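K.L.:
The following block contains a protein sequence and its predicted model.
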Amino acid sequence: MKKHQFDASRFRVKEGDTIDLSKISTKGSKEELTKSQSTTALSDDNEFLAEAQERLYAEGNRALLIILQGMDAAGKDGTIRHVMHGINPQGCRVHSFGPPNKEELAHHFLWRPMPYLPARGMISIFNRSYYEETLVVRVHPELLIPQKLPAVKSLEASELQDLWKSRYREIKYFERTLADNGTTVLKFFLHVSRDEQKSRLLERLVNPDKAWKFNPRDIEERKRWSDYKTAFEDTISATSTKDAPWFIIPADDKWYARAAIADIIASELESLDLKFPEVGKEQLLRFGEYIKELQRD
Ligand code: ATP
Ligand code: MG
């Protein structure tokens with residue numbers, strides 16, 4: 001049994017909870033790990049995850065889907081780099097969700113993630129996801145225009161309440177079918193403060209090595225902070241389920257967020273009790289024959 005440094009239940013949003021993000025700290029609690037303890041915990045978890053991924057692949061009947069969401073510069077990319085460090089790239093794939101293309105817009109919003117879902121034995125990480133459809137699209141309802149939804153008659157916020165509700169419901173059913181089919185779905189919200197986002201965006205502007213990450217849109221979106229906060233609160237409250245829980249991760253300290261997420265994924269994989277397929281008696285006898293044959297060669 002692995003020793004876990006973080007109590008995953010502290011971050012997990014229980015089904016039916018109503019989330020108020022202003023009441024949840026963006027910093028890890030002081031009594032918890034120091035930065036150096038976190039680094040050690042992360043590298044232990046990296047080792048554990050690498051082995052667990054091999055078992056998942058060898059067993060070949062279950063899968064893992066990790067979803068990362070957060071405001072701009074919340075640290076999604078760095079989390080993927082550090083948490084998946086050491087995992088065999090053959091068993092893992094990352095898909096980033098930008099604005100949908102024409103074909104995607106012409107389909108139901110849950111058509112889009114289908115090709116990127118993890119096959120049995122595999123891990124998929126979504127950097128942003130179909131959840132953008134109740135986040136950025138809610139903050140910018142004009143994004144609904146090219147979707148040509150028959151149910152949308154007006155873009156007034158009050159007229160769109162039913163649409164978001166039906167999207168939450170559809171997402172819940174969708175994730176339920178994934179879970180029923182053997183896919184563990186873990187959703188992480190990287191919770192950063194507005195001040196921390198400001199300093200990360202400034203860093204992109206003043207550090208030439210980070211300038212490539214700067215997108216003027218980030219400045220525009222930052223002005224809509226409180227609309228995003230509401231969209232996240234409603235989305236997380238409505239879609240955290242036993243099958244597919246949300247975890248709200250304090251993310252002002254990158255080292256804390258990375259260690260916490262790795263530890264939660266490790267503990268969820270541990271609870272799956274993944275085993276290498278057993279070699280049966282008959283098969284072992286045949287192995288004996290193969291060994292003799294190879295030795296004679
Ligand atoms: P960072 O967090 O480092 O700023 P990023 O995730 O914003 O990185 P980008 O490639 O710059 O990465 O942005 C992706 C953009 O695609 C986001 O602004 C996001 O809101 C947008 N997007 C994703 N899905 C949708 C969608 N369904 N409809 C419209 N926009 C979307
Ligand atoms: Mg961005």
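P.N.:
Perfect, I can see it now. Ligands and ions are numbered 1, 2, ... in the order given.
K.L.:
what kind of secondary structure is residue 54 in?
P.N.:
helix (DSSP: H, G, I helix; E, B strand; the rest coil).
K.L.:
so what's it up against?
P.N.:
By C-beta atoms under 8 Å, 6 or more residues apart in numbering, the contact list for residue 54 reads 88, 91. In this view, the C-beta of every residue, glycine as well, is placed from N, C-alpha and C.
K.L.:
tell me which parts of the protein are close to ligand 1?
P.N.:
Counting by C-beta under 6 Å from any ligand atom, the chain comes close to ligand 1 at 72-73, 76-77, 97-100, 128, 132-133, 136-137, 143, 213, 215, 218.
K.L.:
Filter the residues you listed down to just the ones in helices.
P.N.:
76-77, 136-137, 218 (DSSP state H).
K.L.:
ok, of the residues you listed, which one's closest to residue 260?
P.N.:
residue 76 (14.2 Å; C-beta to C-beta).
K.L.:
For the nearest residue to the closest one once chain neighbours are set aside, give me the pLDDT.
P.N.:
Once flanking residues are discounted, residue 76 sits nearest to residue 68: 4.5 Å by C-beta to C-beta, 6 or more residues apart in numbering. At residue 68, the predicted lDDT confidence score is 98.
K.L.:
Name all residues that make contact with residue 68.
P.N.:
When contacts are counted by C-beta under 8 Å, 6+ apart, residue 68 is found next to 76, 79-80, 125-129, 188, 190.
K.L.:
Are any of the residues of the chain next to ligand 1 buried, and if so which?
P.N.:
Using 16 or more other C-beta atoms under 10 Å as the burial test, the residues of the chain next to ligand 1 include 72-73, 76, 97, 100, 128, 132-133, 136-137, 143, 213, 218 as buried.
K.L.:
how about those, which pair is most distant?
P.N.:
Farthest pair in these, by C-beta to C-beta: 133 and 213, 24.1 Å.
K.L.:
Is residue 82 in a helix, a strand, or coil?
P.N.:
Assignment for residue 82 (three-state DSSP): helix.
K.L.:
Ignoring the adjacent residues along the chain, who's closest to it?
P.N.:
Here the residue nearest residue 82, using C-beta to C-beta, 6+ apart, is residue 258, at 4.4 Å.
K.L.:
What are the phi and psi values at residue 124?
P.N.:
phi -120, psi 140 (degrees, to the nearest 10).
K.L.:
That one bridge partners, please.
P.N.:
residue 65, residue 93 (DSSP bridges).
K.L.:
which residues touch it?
P.N.:
63-66, 92-95, 116-118.
K.L.:
Near ligand 2, list only the ones from those.
P.N.:
Checked against ligand 2 using C-beta under 5 Å from the ion, those give no members in range.
K.L.:
before we move on, the earlier item: does the residue nearest to residue 82 really touch residue 80, like I thought?
P.N.:
No. With contacts counted by C-beta atoms under 8 Å, residue 258 stays clear of residue 80, the gap being 9.6 Å.
K.L.:
neighbour-wise, which of these two wins?
P.N.:
residue 258 (27 against 19; other C-beta atoms under 10 Å).
K.L.:
how would you label the more buried one: helix, strand or coil?
P.N.:
When classified by three-state DSSP, residue 258 comes out as helix.
K.L.:
From ligand 1, how far out is it?
P.N.:
Between residue 258 and ligand 1 the distance is 15 Å, computed by C-beta to the nearest ligand atom, to the nearest Å.
K.L.:
How confident was the prediction at that residue?
P.N.:
So, for residue 258, pLDDT stands at 96.
K.L.:
now do the one 3 residues further on
P.N.:
Looking at residue 261, its pLDDT stands at 97.
K.L.:
Number of residues surrounding it?
P.N.:
With other C-beta under 10 Å as criterion, residue 261 counts 27.
K.L.:
so it touches residue 191, yeah?
P.N.:
No. Taking contacts as C-beta under 8 Å, residue 261 lies outside contact range of residue 191: 11.7 Å.
K.L.:
separation between whatever residue of the chain ends up closest to ligand 2 and residue 116?
P.N.:
The minimum distance from the chain to ligand 2, using C-beta to the ion, falls at residue 72 (3.8 Å). Between residue 72 and residue 116 the computed distance is 22 Å (C-beta to C-beta, to the nearest Å).
K.L.:
Dump the contacts of residue 124 into CSV; add distance to residue 253 and neighbour count as well.
P.N.:
Putting the contacts of residue 124 into CSV (distance: C-beta to C-beta, whole Å; neighbours: other C-beta atoms under 10 Å) gives the following:
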residue, distance to residue 253, neighbour count
63, 31, 21
64, 25, 25
65, 26, 23
66, 20, 26
92, 25, 20
93, 28, 15
94, 23, 17
95, 27, 15
116, 30, 16
117, 32, 17
118, 29, 23
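K.L.:
which among the residues you listed gets closest to residue 239?
P.N.:
Nearest member of these to residue 239, counting by C-beta to C-beta, is residue 65, at 13.8 Å.
K.L.:
No further questions, thank you.
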